[in-house]
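Asker: return a 3D structure for these sequence lines:
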Amino acid sequence: MILNRPQKLNSLTYEMISQISRNLEVYENDHLVKILILKGQGKAFCAGGDVIGMHLSIINGHWSFGARFYKKQLTLDYLIATSTKPLVSLINGIVMGGGAGLSMNSMFRVVTENSVLIYPLQVFFNLSN
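Answerer: Model (predicted):
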C-alpha cells in the first residue's frame, strides 16, 4: 500500500483512512496475501492527519467531522496493530502524529537515516513531564 499524496506530505484524509481500512480487511481474509507493506510516496512517510482539511470542515459547519475522523484513524491503528498478516512500514522522511500511529503499530518497521519522527501532541500538551 502506498500513501500517494506527496504534495501534502501524505497527510491522511478521511477517504485515505477508509481505503486503507477496507484494503486491510480484504487482505486479512485473502490466503494468497502473506505480507503487507506500507510506504509513503515522496519525501514523507506520512505527516499525520490532514489538519487543514479538518479545519476547513469545522469552519464550514461540520464540527463533528473531527470526531469521526479521529475515530476512523484510531480504528485503523487498531486494525494494523491486531493484523494477523505481517505488516512492514517502510519509513523514509517525515513521520508526524497519525503517521506515527500507522507505522508504530505495524509488526515491523524499516527506518532510514532520512527519517524524522515528530509527535506534535507532546509539544501541545507537554506530555514529556
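Asker: pull the residues that contact the helix ranked longest in the chain.
Answerer: Of all segments of type helix in the chain, defined using DSSP state H, the longest is helix 65-82. With contact meaning CB atoms under 8 Å, 6 or more residues apart in numbering, helix 65-82 is reached by 12, 14, 17-18, 20-21, 24-25, 49, 54, 57-58, 87, 98, 101-102, 105-106. Backbone N, C-alpha and C define where each C-beta goes, glycine included.
Asker: pull out the buried members of those residues.
Answerer: With neighbours counted by 16 or more other CB atoms under 10 Å, those contain buried members at 12, 14, 17, 20-21, 24, 49, 54, 57, 87, 98, 101-102, 105-106.
Asker: sort out for me which of the contacts of helix 65-82 are in strands.
Answerer: The members of those that map onto strands under DSSP state E are residue 87.
Asker: gap between residue 4 and residue 67?
Answerer: Counting by CB to CB, to the nearest Å, the gap from residue 4 to residue 67 is 26 Å.
Asker: what residue ranges in this structure score low on pLDDT?
Answerer: Within the chain, the set of residues satisfying pLDDT under 70 comprises 121-129.
Asker: all the helices of it, residue numbers only.
Answerer: With DSSP H as the criterion, the chain has helices spanning 14-28, 51-59, 65-82, 97-104, 120-125.
Asker: which one of the ones you listed lies nearest to residue 45?
Answerer: helix 97-104 (5.5 Å; CB to CB).
Asker: what's in contact with that closest one?
Answerer: Helix 97-104 is contacted from outside by 10, 12, 38, 40, 44-49, 73-74, 76-77, 80, 89, 91, 95, 109, 117-121, using CB under 8 Å, 6+ apart.
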